[in-house]
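*Asks:* No sequence on hand, only this structure:
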């Protein structure tokens with residue numbers, strides 16, 4: 001990121017890895033190559049949403065590829081992405097999707113970028129199955145929620161940057177956060193209204209949060225943030241509860257004041273039933289008592305699904321993390337990517353149990369992981 005100012009629109013981004021603070025650069029890249037990561041790492045997920053070809057886990061890419069070198073990045077040959085020397089010719093095939101038959105299962109889309117919402121909503125979709133607020137926080141707000149609540153912890157430079165961001169809001173940083181987040185989410189919800197728009201509360205990992213403006217003052221240094229201080233664990237925790245309040249106020253504004261009653265909230269990475277109860281109590285404390293789903297992405301969510309569904313109104317099965325935690329495979333590691341497979345019988349059994357549990361309780365169930373996009377047989 002130290003050389004981000006040298007990056008021009010249309011360049012190919014080559015990096016060791018990416019995180020949410022890279023997204024402004026990723027938006028203007030023509031293609032993305034990283035040395036690490038698997039199919040569900042940050043670079044792969046964001047590239048898919050931005051419509052950029054991406055090759056992840058390309059060992060030694062930063063050594064082999066040079067500044068100014070012309071390359072063609074292709075993801076058209078299947079699961080293995082390829083990087084060719086030079087600019088290759090290609091053909092574009094237009095497909096008319098207007099006459100596609102509609103399956104019984106509703107097909108929704110994952111989305112985080114409000115700028116793409118209305119163009120993508122023209123696809124034959126039944127709503128938004130997962131709207132990620134991290135993209136809005138990272139690209140439009142840029143500051144850590146706790147930095148906004150506690151400016152006394154910041155350096156003078158950080159304070160000045162937040163004041164600059166909040167200037168159009170009469171210098172009120174809290175108002176800036178709440179209105180910017182609520183309006184970004186409302187844009188996504190508006191694109192499919194009155195169809196359902198499921199909005200996931202923030203699910204940055206601690207290392208990703210630390211990269212936000214002022215974040216270094218509030219985040220722990222963890223050896224494995226993927227299974228660390230993330231998701232539901234943060235929401236009622238004293239280290240983040242005030243930040244979660246800003247998220248809740250933003251969602252309350254989008255639903256109640258702006259009138260987007262098609263918004264359904266979703267809680268990510270909820271490890272235990274008691275944790276799920278604490279989150280709902282915290283939301284009510286902040287005046288937010290609306291339809292709320294929980295991500296089903298931890299084996300304990302499946303094993304205790306009846307108890308989780310006593311608290312929540314539905315589930316969305318996150319196959320990315322569910323596969324990681326069922327198989328014990330770090331989904332960010334290209335070294336063990338060969339063992340990461342959502343089609344494993346154990347993973348499919350977990351998914352089956354989750355669907356049956358939701359149906360048994362008469363609750364909503366959806367699936368928002370990568371697997372059906374990659375494997376027709378899984379779909």
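*Replies:* Now that the structure is in, tell me what you want to look at. All figures in this text were calculated on a predicted structure; none of them were measured in a lab.
*Asks:* Please tell me how far residue 49 sits from residue 117.
*Replies:* Counting by CB to CB, to the nearest Å, the gap from residue 49 to residue 117 is 11 Å. Heads up, the C-betas are built off the backbone N, CA and C, glycines and all.
*Asks:* Check the contact lists of those two and give me the overlap.
*Replies:* Common neighbours of residue 49 and residue 117 (criterion: CB atoms under 8 Å, 6 or more residues apart in numbering): residue 111.
*Asks:* who has more neighbours, those two?
*Replies:* residue 117 (22 against 18; other CB atoms under 10 Å).
*Asks:* and the next element down the chain from the strand or helix carrying residue 284?
*Replies:* Assigned by DSSP states H and E, residue 284 belongs to helix 273-285. Next in sequence after helix 273-285, counting helices and strands by DSSP H and E, comes strand 292-296.
*Asks:* buried ones in the following helix or strand past that next one?
*Replies:* Under the assignment DSSP H and E, the closest C-terminal helix or strand after strand 292-296 is helix 299-303. For helix 299-303, the buried set under the neighbour-count rule, 16 or more other CB atoms under 10 Å, comprises 301, 302.
*Asks:* Contacts for helix 299-303, please.
*Replies:* Against helix 299-303 from outside (CB under 8 Å, 6+ apart): 270-272, 294-296, 308, 315, 322, 325-326, 350, 353-354, 357.
*Asks:* how about a cut-off of 7 Å?
*Replies:* By CB atoms under 7 Å, 6 or more residues apart in numbering, the surrounding residues in contact with helix 299-303 are 270, 271, 272, 296, 308, 325, 326, 350, 353, 354.
*Asks:* Neighbour-wise, which one of those leads?
*Replies:* residue 296 (33 neighbours).
*Asks:* show me what contacts the nearest residue to that one once chain neighbours are set aside?
*Replies:* Here the nearest residue to residue 296 in space, its sequence neighbours aside, is residue 315; by CB to CB, 6 or more residues apart in numbering that works out to 4.1 Å. Neighbouring residues of residue 315 by CB under 7 Å, 6+ apart: 293, 294, 296, 354, 358, 363, 365.
*Asks:* Would you mind measuring from the fourth one to residue 21?
*Replies:* Using CB to CB, residue 354 is found at 33 Å from residue 21.
*Asks:* Next: the fifth one.
*Replies:* Noted for residue 358: a distance of 36 Å to residue 21, by CB to CB.
*Asks:* What of the second one?
*Replies:* In this structure, residue 294 and residue 21 are 28 Å apart, going by CB to CB.
*Asks:* of the two, who's got more company?
*Replies:* Counting neighbours by other CB under 10 Å for residue 294 and for residue 21 shows that residue 294 has the greater number, 25 against 18.
*Asks:* Who are the contact partners of that one?
*Replies:* Contact partners of residue 294, counting by CB under 7 Å, 6+ apart, are 266, 267, 270, 276, 308, 312, 315.
*Asks:* Let's see which of those residues end up in strands.
*Replies:* Within the contacts of residue 294, residues falling in strands by DSSP state E are 266, 267, 315.
*Asks:* Reformat those residues as JSON lines; add distance to residue 207 and pLDDT.
*Replies:* What follows is those, written out as JSON lines (distance: CB to CB, whole Å; pLDDT from 0 to 100):
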{"residue": "266", "distance to residue 207": "23", "pLDDT": "98"}
{"residue": "267", "distance to residue 207": "21", "pLDDT": "98"}
{"residue": "315", "distance to residue 207": "27", "pLDDT": "98"}
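*Asks:* Next, count neighbours for residue 206.
*Replies:* Residues near residue 206, counting by other CB under 10 Å: 20.
*Asks:* Below-threshold pLDDT in this structure: ranges please.
*Replies:* Scanning the chain for pLDDT under 70 picks out the ranges 1-2.
*Asks:* which parts of the longest helix along it are buried?
*Replies:* For the chain, the longest helix by residue count, based on DSSP state H, is helix 173-192. Across helix 173-192, burial judged by 16+ other CB under 10 Å covers 173, 176-192.
*Asks:* What lies in contact with it?
*Replies:* Helix 173-192 is touched from outside by 111, 114, 117-118, 121, 127-128, 131, 133, 136-137, 140-141, 145, 148, 162, 165-166, 169, 197, 199, 246-247, 249-251, 253-254, 258, 260, 262-263, with contacts defined as CB under 7 Å, 6+ apart.
*Asks:* just stretch 328-347 next, same as before
*Replies:* By CB under 7 Å, 6+ apart, stretch 328-347 touches 36-38, 40-41, 56-57, 226, 319-320, 322-324, 326-327, 369, 371, 375, 378.
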